[in-house]
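Trainee: Take this sequence and fold it.
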Amino acid sequence: MGMIYLRGHTWWAKYYRDGKPYRESAKTEKETEAKKFLQRREGQVVEGNFQGLKVEKVTFEDLKKDLINDYELNAKRSLDRAELSIKHLDGSFKGMKVINITTNQVERYILKRKQAGASNGTVNRELSALRRMMSLGTRQTPKKVINPPFIPKLQEADQREVFFDHDEYQRLRDALPGHLKPVLTMGYLTGMRKGEVLNLRWDQVNIFERKITLHASDTKNKKPRVIYLAGELYDCLRNQLILKEREYPECEYVFFRVGVSPTGEIQAQPIKNFQASWRTACKKAKISGKVFHDLR
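Mentor: Numbers count the residues shown, from 1 in each chain. Okay, the predicted model is just below:
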């Protein structure tokens, strides 16, 4: 049998699971509230829902690390998208204990993002990352998540029917930074997804046979395909190859940006997210409401 007792002015509870005693502050100065707390804990023990006190110390940051580890261990190609979702989730849940992330908290997050102008599709990607965090937490031993909140899925609009005409393509290409111009060309002339373009490596390109080979593992829909190079597309890849061999021979990515390494060296680095540059260029080119996916 458990018991409650006073420490100073605060009531504490003592209860048992598998013969092991647990002592925990009820965080109240009222005896009646302490008794209710003890009853709740003993009920959790009987129902098998009590996993120890460590689970109540798990934070959003703990789940965030587990999600990133899951993406890296399984070599998921959407890691960049997940990291962007996490960045937005941080704005509302950073530092919070997981037990305090309730359905009401999630609904407030949705309202906040929609007020910031995020589409239902964008919010759904972010909620999907949060849902995955909770799911991973319930699989841990010992569990990091006991009662995950309900995380809704918003109704998304019908598939966009928006396209770039050639004049818009040229204006946007002129407005983009130099390292993103060939990325736009690749997307516009091939219909490749943004992730496929940014992750394209030289071992997938045969400049002499004028073709790109995308294996099933390289594509989102897991379907392999071959893209043949001609005209402006061939020139784009050839110029990238010349730049690589002249300046950055060790770079494995076809498209890259120039950055500074932790040791202060100038080096070629993968391009991850360029939403800010895209928005700035669209504004300069007088193009409204279009995203990279509209190139497809």
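Trainee: how about the helices of the chain, start to end?
Mentor: Under the criterion DSSP state H, the chain carries helices at the ranges 31-47, 60-73, 79-93, 103-115, 120-139, 166-175, 181-190, 194-198, 231-247, 275-284.
Trainee: what about the stretch 51-200 of the chain, any weak spots by pLDDT?
Mentor: Residue ranges of the stretch 51-200 of the chain with pLDDT under 70: 51-55, 75-77, 157-162.
Trainee: try it again with 90
Mentor: Low-confidence segments of the stretch 51-200 of the chain, defined by pLDDT under 90, span residues 51-58, 68-84, 97-100, 117-122, 137-149, 155-165, 191, 195.
Trainee: circling back: can you redo the helices of the chain as a markdown table with mean neighbour count and distance to Ile266?
Mentor: Just so you know, the C-beta spots here come from the backbone N, C-alpha and C atoms, and that holds for glycine as well. Formatted as a markdown table, the helices of the chain follow (neighbours: other CB atoms under 10 Å; distance: least, CB to CB, whole Å):
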| stretch | mean neighbour count | distance to Ile266 |
| --- | --- | --- |
| helix 31-47 | 15 | 57 |
| helix 60-73 | 16 | 27 |
| helix 79-93 | 18 | 23 |
| helix 103-115 | 14 | 37 |
| helix 120-139 | 18 | 33 |
| helix 166-175 | 16 | 25 |
| helix 181-190 | 22 | 20 |
| helix 194-198 | 20 | 20 |
| helix 231-247 | 14 | 9 |
| helix 275-284 | 14 | 20 |
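Trainee: now these as JSON lines including distance to Ala216?
Mentor: Converted to JSON lines, the helices of the chain look like this (distance: least, CB to CB, whole Å):
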{"stretch": "helix 31-47", "distance to Ala216": "45"}
{"stretch": "helix 60-73", "distance to Ala216": "19"}
{"stretch": "helix 79-93", "distance to Ala216": "18"}
{"stretch": "helix 103-115", "distance to Ala216": "34"}
{"stretch": "helix 120-139", "distance to Ala216": "23"}
{"stretch": "helix 166-175", "distance to Ala216": "29"}
{"stretch": "helix 181-190", "distance to Ala216": "17"}
{"stretch": "helix 194-198", "distance to Ala216": "12"}
{"stretch": "helix 231-247", "distance to Ala216": "22"}
{"stretch": "helix 275-284", "distance to Ala216": "28"}
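Trainee: and of the ones you listed, who's closest to Met1?
Mentor: Evaluated with CB to CB, the helices of the chain place helix 31-47 nearest to Met1, the distance being 8.7 Å.
Trainee: name the helices or strands packed onto that closest one?
Mentor: Helices and strands touching helix 31-47, by 3 or more CB pairs under 8 Å, 6 or more residues apart in numbering; DSSP states H and E, are strand 3-7, strand 10-17.
Trainee: can you rerun that using 10 Å?
Mentor: strand 3-7, strand 10-17, strand 20-25 (3 or more CB pairs under 10 Å, 6 or more residues apart in numbering; DSSP states H and E).
Trainee: could you dump these to CSV with mean pLDDT and distance to Gly178?
Mentor: What follows is the helices and strands packed on helix 31-47, written out as CSV (pLDDT from 0 to 100; distance: least, CB to CB, whole Å):
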stretch, mean pLDDT, distance to Gly178
strand 3-7, 90, 66
strand 10-17, 86, 63
strand 20-25, 82, 60
